[in-house]
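In: quick one, what's the 3D model for this:
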Amino acid sequence: MILTHHTTVTKPVRRTTNYQDGAVRSETACQSCRSCQHASQCLPGLLTPDQVQQFERGLQRCRSLAPGEHLFRAGDSVRSLYAVQAGSLKSYMVDNEGREHITSFHFCGEIMGIDAIYPARHPSSCIALAVSRVCVLPYATLTLMAQKIPELQTQIFRLFSREVLGYSALAGDFSAEERLATFLVMVAARQTNTESTDLELAMARQDIANYLRLSPETLSRILARFQKKGLVKADRKRITLLDVEGLAERAACMNPYARCGRRHDVS
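Out: Now for the predicted structure:
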């Protein structure tokens, strides 16, 4: 599930950049990290004001994406990582038979492209689920900055570790109820700067089922069961968590945030 966060920013200056793969992509001047409501969950989270200014000088561009627009595609070479500033995206792979496998959903303050560092090419494609905006983090610049700013290096490791925790949460042989409960709890935990239990989802339920390795019919059946038990209230793309603790109990064995003692905070 993806939460769509709305951020008011001044109208940016737009430019286009020609890439080696032949694509022409629109980029804009970045919103200041100091005015971004997601900064504490993102790379500047541990930096001093002076360090934040230094960080901003190395990150000069952002990209805006329309729903259905790709940020990158499988096989693209890696030049940058990306931080979600607004909206939501999904990463997916396509197998030899043309079947799509969703590997991750991306929320505000989260970093994308980490899995491409080792192969130096993106193993998956990433597409916007809603009107979205990402900060472009040139990889070469980021690594040099991390050498000069120990706090930035620490935050990079923390965010990378958070990604690993998220991936590992669904890796085991868990039941359909455990998978859906974990997904709902993790979405609520990753919702930044709010205590709301109303989850506005930008992806189709078929995408959620794909990500959880369930059939759409099974997902609908389990969701209906959760509603009957008073755990959630579902209305199209809005799901309200009525009993967060009850869901967390069902997900405790595989919820990485609960294991870390941070059920509702991933900063």
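
In: burial count for Val164?
Out: 11 (other C-beta atoms under 10 Å). Bear in mind the C-beta positions are built from the backbone N, C-alpha and C, glycine included.

In: next SSE after the host helix or strand of it?
Out: Under the criterion DSSP states H and E, the helix or strand holding Val164 is helix 150-168. Remark: after helix 150-168, the chain's next helix or strand is helix 176-190, criterion DSSP H and E.

In: output the contacting helices and strands for the helix or strand containing Thr143.
Out: When elements are assigned from DSSP H and E, Thr143 belongs to helix 139-148. Other helices and strands packing on helix 139-148, by 3 or more C-beta pairs under 8 Å, 6 or more residues apart in numbering; DSSP states H and E, are helix 49-58, strand 80-86, helix 150-168.

In: residue contacts, Glu69?
Out: The contact partners of Glu69, by C-beta atoms under 8 Å, 6 or more residues apart in numbering, come to 127-128.

In: from Cys126, how far off is it?
Out: Applying C-beta to C-beta, to the nearest Å, the value for Glu69 to Cys126 is 10 Å.

In: same question for Leu89.
Out: Using C-beta to C-beta, one gets 6 Å for the distance from Leu89 to Cys126.

In: please apply the same query to Ala234.
Out: Counting by C-beta to C-beta, the gap from Ala234 to Cys126 is 27 Å.

In: neighbour count: these two, which is higher?
Out: Cys126 (24 against 16).

In: which secondary structure state does that one sit in?
Out: The three-state assignment at Cys126 reads strand, by DSSP: H, G, I helix; E, B strand; the rest coil.

In: confirm for me that it is in contact with Phe72.
Out: Yes. Counting by C-beta atoms under 8 Å, Phe72 is a contact partner of Cys126 at 5.5 Å.

In: what's the overlap in contacts for those two?
Out: Gly113.

In: residues contacting the helix holding Val164, please?
Out: 42-48, 51, 55, 104, 110-111, 114, 142, 145-147, 186, 256-257, 260, 266.

In: which among these end up buried?
Out: 42-47, 51, 55, 104, 110-111, 114, 142, 145-146, 186, 256-257, 266 (16 or more other C-beta atoms under 10 Å).

In: who's in contact with stretch 224-240?
Out: Stretch 224-240 is contacted by residues 1, 177, 180-181, 184, 197-202, 223, 241-243, 246-247 when judged by C-beta under 8 Å, 6+ apart.

In: now with 6 Å, please.
Out: Contacts with stretch 224-240, where a contact means C-beta atoms under 6 Å, 6 or more residues apart in numbering, come from 197-201, 223, 241-243, 246-247.

In: look at it and report the distance between its end residues.
Out: 13 Å (C-alpha to C-alpha, to the nearest Å).

In: same deal with stretch 40-58?
Out: First residue to last in stretch 40-58 (C-alpha to C-alpha) measures 18 Å.

In: so which residues make contact with that stretch?
Out: Contact with stretch 40-58 is made by 33-34, 83, 109, 141, 145, 149, 151, 155, 192, 267, as judged by C-beta under 6 Å, 6+ apart.

In: could you work out the most separated pair of the residues you listed?
Out: Thr141 and Thr192 (24.9 Å; C-beta to C-beta).

In: ok, these two, which is more surrounded?
Out: A count of neighbours by other C-beta under 10 Å puts Thr192 above the other of Thr141 and Thr192, at 21 against 16.

In: just the buried members of the contacts of stretch 224-240?
Out: Buried by 16+ other C-beta under 10 Å: 197, 199-201, 223, 241, 246-247, out of the contacts of stretch 224-240.

In: so can I have a markdown table of the residues you listed showing secondary structure?
Out: Listed next are those as a markdown table, based on three-state DSSP:
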| residue | secondary structure |
| --- | --- |
| Thr197 | coil |
| Leu199 | strand |
| Glu200 | strand |
| Leu201 | coil |
| Leu223 | helix |
| Leu241 | strand |
| Gly246 | helix |
| Leu247 | helix |
